[in-house]
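S.K.: A predicted structure for the sequence below; I have some questions about it.
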There are 2 protein chains.
Amino acid sequence: MVSIVIIGSGNVAQHLITAFLQSDEIELIQVFSRQKESVSHLISSDKIVSDYVEIKQADLYLIAVSDNAIADVSAKLPFENRLVVHTSGSMPLEILDSKNRRGVFYPLQTFTKNKPVDFKEIPICLEAEKEKDFKIIETVATTISSVVQSISSEQRKALHVAAVFVCNFVNHLYSIGAEICEENKLPFSILQPLIQETANKIAIKSPDEAQTGPAKRGDTKTINTHLHFLSDENQIEIYKLITKSIIDHGKKL
Amino acid sequence: MVSIVIIGSGNVAQHLITAFLQSDEIELIQVFSRQKESVSHLISSDKIVSDYVEIKQADLYLIAVSDNAIADVSAKLPFENRLVVHTSGSMPLEILDSKNRRGVFYPLQTFTKNKPVDFKEIPICLEAEKEKDFKIIETVATTISSVVQSISSEQRKALHVAAVFVCNFVNHLYSIGAEICEENKLPFSILQPLIQETANKIAIKSPDEAQTGPAKRGDTKTINTHLHFLSDENQIEIYKLITKSIIDHGKKL
C-alpha cells in the first residue's frame, strides 16, 4: 500500500481523489483543501484538512494546485525529505521546494468538472530526482492508468506545447465552427459527427495521411471562395495561416 | 422504392453504395464509373457502367465526383428533366446543368477509404429546386441517416467553411502535435486520449465553455515559455494568432 496526501481541491485533484479511492493499492489518507466543501462530496470530512500542520506522514504528497501556486505551497509544507510531486504539464520539477524529494506526476488529459474520465486510458507522465522515488510514483501511476511514461522536464514542456495545439487550439477552432453555424442559423450539433470522426481517424491514420480539404488539394478556387465568405478578421487570418501551413507542410513530406 | 444511379466511384460514392445496398427502400440500379474495378468489390459488375448511354432510367441520379468535375458530368448526362443531385459541400446547386431537375445531397462527414462509417449519425444536408424533388431526396436521406436537414446553398457554403475549420484545420493541428512529439522522441499516441476527450467534451459543453489553456487564463508567462520553445516559423505564427484569437473571443463573451 502506498499512502498518499493530495494537496489541492480543483479539477485535477478531484479526479485523482476519485481514481485513488477506487484503487486497492493506494491509501488516500488526507486531502488538503482550503475550501473543505469542494471535496466533501468525494471523501469523508475527517480526512479533509485545511491547516498545513495537520498534514500526516505519507509515502507521497501530490500537489494538484494551479501552476503559479505550486512553488508557494511546496515551500509551506512543514516537513523535509519526503516525496513531493506536482501534477503540472508546464512547470519544471525544480519549481518544487528542494527541502523535499521531488518529482512530477502529470496526467495528460483535459479534465472537466463532473464529467467522469476513464483514468485507465490517461497517459501519466512521470519524473523523479531519485530512482527509488520514481518507483513509488510509478507504482501509484500503474494502479490507476495503463499508460505510464518516464518523461524529462524538457520532454514534458514539449508535450505541453503539443497539448495546447491539439486541445486548446483545436477547441478554439470548434468555437469558430460554432460561430459560423450560429451566424447562418445552423445548429452547431450538425458538425459534431464530423468533429468526432476527425478525432477518431487519427487513431488509425497519421495526421499527415488523414489530411484532406482544399489546402491539401491546392484548391485555390475553394480557398478564395471561403476567404471571400468570411468577415471576421481573426477567422480570415487563421484561415490564411493554417492553409499556408498545410501547403508548406505538404512540401516537406 | 426509390431507384438510384450513382455517378462516381471515389470515397463518397463508395460509402453511399454501401449504405444504399443496406436499405430495403432503395434500389441501387447502377453505378457509373470509368474505373470499373474501383467499385467492383461493392456491387455486381453487371450494374457498373462506364458509358453515359448505358445509364438507365431512375428516380434519382446522384453525382459523387470531385467538385471540379460536377458541371462537366452533369452536362454529359444524355437525358433531360430527371432528378440529378450532387454531393458536394462547396458547390452551389446551379453548378448542375439546368436541363435536369436539380438538387443537392451533401453528407457532412470526412470519409476514409476502407474505414466504415455509421451513416445513421451523419447529417445529410438537402436542397432541391422543386418541393416534389425535395421529398424524394428526403425519403432517400432518411432511410440511411437519422439527421436530415434542409439547407440552402448559402448555408451549405457556411457549413463547408465551418467544416474546414473543425476538420481540415483541426487535423493540421494534430500534425503539428505529432511533429513536436517526434522532435522530442515522444510517441504521438500519448496525445490520443487528450484529442479524443477534447472532441468528446463539446458533446456536453459548448466550445466556449470547454475552452481551457494559457490563452484562456491570460497566462502570459506560459505563453512566452511556449513561444520560446517553438522554432518552426509556421508553428510560432499559428501559436500567436490562435492565442490572440482566443483572447479576443473571450472579450466578446
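M.R.: Yep, it's here.
S.K.: so, low pLDDT: which residues of the stretch 1-150 of chain A?
M.R.: The stretch 1-150 of chain A contains no residues with pLDDT under 70.
S.K.: apply 80 and report the result again.
M.R.: A:114 (pLDDT under 80).
S.K.: enumerate the residues of it near chain B.
M.R.: Residues of the stretch 1-150 of chain A found near chain B (CB under 8 Å from any CB of the partner chain) are A:67-68, A:90, A:108-110, A:112, A:115, A:117, A:121-123, A:125, A:147, A:149. Quick note: C-beta positions are derived from backbone N, CA and C, even for glycine.
S.K.: may I ask which two of those are separated the most?
M.R.: Farthest-apart pair in the residues of the stretch 1-150 of chain A next to chain B is A:Asn68 and A:Glu121; separation 29.1 Å (CB to CB).
S.K.: can you select the buried ones from the residues of the stretch 1-150 of chain A next to chain B in ChimeraX?
M.R.: Those of the residues of the stretch 1-150 of chain A next to chain B that count as buried under 16 or more other CB atoms under 10 Å in any protein chain shown are selected in ChimeraX with:
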select /A:67,90,108,109,110,112,117,122,123,125,147,149
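S.K.: just give me the closest of the residues of the stretch 1-150 of chain A next to chain B to B:Ile223.
M.R.: Of all those, A:Ser90 has the smallest distance to B:Ile223: 10.3 Å, by CB to CB.
S.K.: sec struct for the closest one, please.
M.R.: Under DSSP: H, G, I helix; E, B strand; the rest coil, A:Ser90 falls in the coil class.
S.K.: let me see the contact set for it.
M.R.: A:Ser90 makes contact with A:67, A:156-157, A:160, B:214, B:222, B:225, according to CB atoms under 8 Å, 6 or more residues apart in numbering or on different chains.
S.K.: equivalent analysis for A:Ala163, please.
M.R.: Counting by CB under 8 Å, 6+ apart, A:Ala163 has contacts A:89, A:108, B:177, B:191, B:194.
S.K.: same question for A:Leu191.
M.R.: A:174, A:177-178, A:181, B:108, B:159, B:162-163, B:166.
S.K.: that older thread, which one (most neighbours) among the contacts of A:Ser90?
M.R.: A:Arg156 (26 neighbours; other CB atoms under 10 Å in any protein chain shown).
S.K.: who are the contact partners of the residue nearest to A:Val161 when sequence neighbours are not counted?
M.R.: The shortest distance from A:Val161 to any non-neighbouring residue, by CB to CB, 6 or more residues apart in numbering or on different chains, is to B:His226 (4.9 Å). Counting by CB under 8 Å, 6+ apart, B:His226 touches A:160-161, A:164, B:214, B:239.
S.K.: still on that earlier bit, redo the contacts of A:Leu191 as a markdown table? Include distance to B:Lys56 and secondary structure.
M.R.: Converted to a markdown table, the contacts of A:Leu191 look like this (distance: CB to CB, whole Å; DSSP: H, G, I helix; E, B strand; the rest coil):
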| residue | distance to B:Lys56 | secondary structure |
| --- | --- | --- |
| A:Tyr174 | 44 | helix |
| A:Gly177 | 40 | helix |
| A:Ala178 | 44 | helix |
| A:Cys181 | 39 | helix |
| B:Leu108 | 29 | coil |
| B:Leu159 | 33 | helix |
| B:Ala162 | 37 | helix |
| B:Ala163 | 34 | helix |
| B:Val166 | 39 | helix |
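S.K.: buried among those residues? Need that as a selection in PyMOL.
M.R.: To isolate the buried members of these in PyMOL, using 16+ other CB under 10 Å:
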select buried, (chain A and resi 174+177+178+181) or (chain B and resi 108+159+162+163+166)
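S.K.: as TSV, the contacts of A:Leu191 with distance to B:Lys135 would be great.
M.R.: What follows is the contacts of A:Leu191, written out as TSV (distance: CB to CB, whole Å):
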residue	distance to B:Lys135
A:Tyr174	34
A:Gly177	30
A:Ala178	31
A:Cys181	26
B:Leu108	21
B:Leu159	22
B:Ala162	27
B:Ala163	26
B:Val166	31
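S.K.: between the contacts of A:Leu191, which is closest to A:Lys47?
M.R.: When those are compared against A:Lys47 (criterion: CB to CB), the nearest one is A:Tyr174, at 38.5 Å.
S.K.: can you tell me the SS state at A:Ile29?
M.R.: strand.
S.K.: how about the one 5 residues further on?
M.R.: When the structure is reduced to helix, strand and coil (three-state DSSP), A:Arg34 reads as coil.
S.K.: next, it: phi, psi?
M.R.: Note on A:Arg34: backbone dihedrals following degrees, to the nearest 10 are phi -70, psi -40.
S.K.: contacting residues around it?
M.R.: A:9, A:50.
S.K.: distance of it relative to A:Asp51?
M.R.: The gap separating A:Arg34 from A:Asp51 is 10 Å, by CB to CB, to the nearest Å.
S.K.: break down chain A into its strands, ranges please.
M.R.: Secondary structure of chain A (DSSP state E): strands located at A:2-7, A:26-32, A:48-49, A:60-63, A:83-86, A:101-107, A:124-128, A:148-150.
S.K.: mind listing the strands the fourth one pairs with, and their directions?
M.R.: Which is strand A:60-63. Sheet pairing of strand A:60-63 (DSSP bridges) gives strand A:2-7 (parallel), strand A:83-86 (parallel).
S.K.: Throw those into JSON lines and include mean neighbour count, thanks.
M.R.: JSON lines is the format used below for these (neighbours: other CB atoms under 10 Å in any protein chain shown):
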{"stretch": "strand A:2-7", "mean neighbour count": "22"}
{"stretch": "strand A:83-86", "mean neighbour count": "26"}
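S.K.: how about those strands in CSV, adding distance to A:Gln30?
M.R.: Formatted as CSV, these follow (distance: least, CB to CB, whole Å):
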stretch, distance to A:Gln30
strand A:2-7, 5
strand A:83-86, 14
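S.K.: from A:Leu253, how far off is A:Arg217?
M.R.: For A:Arg217 relative to A:Leu253 (CB to CB), the value is 14 Å.
S.K.: how many neighbours does A:Met228 have?
M.R.: Check again: residue A:228 is His, not Met. 10.
S.K.: okay, it and chain B: tell me how far apart.
M.R.: In this view, A:His228 and chain B are 10 Å apart by CB to the nearest CB, to the nearest Å.
S.K.: on that earlier part again, just the closest of the contacts of A:Leu191 to B:Glu27, please.
M.R.: Set against B:Glu27, the nearest of the contacts of A:Leu191 by CB to CB is B:Leu108 (25.1 Å).
S.K.: that closest one reaches A:Ser189, doesn't it?
M.R.: No - the pair B:Leu108 / A:Ser189 is not scored as a contact, 11.1 Å apart, by CB atoms under 8 Å.
S.K.: who's in contact with the residue in chain A sticking out farthest from the centre?
M.R.: Distance from the C-alpha centroid of chain A peaks at A:Lys221, with 39.0 Å (CA atoms, centre = their mean). Neighbour list for A:Lys221: B:Asn68 [criterion: CB under 8 Å, 6+ apart].
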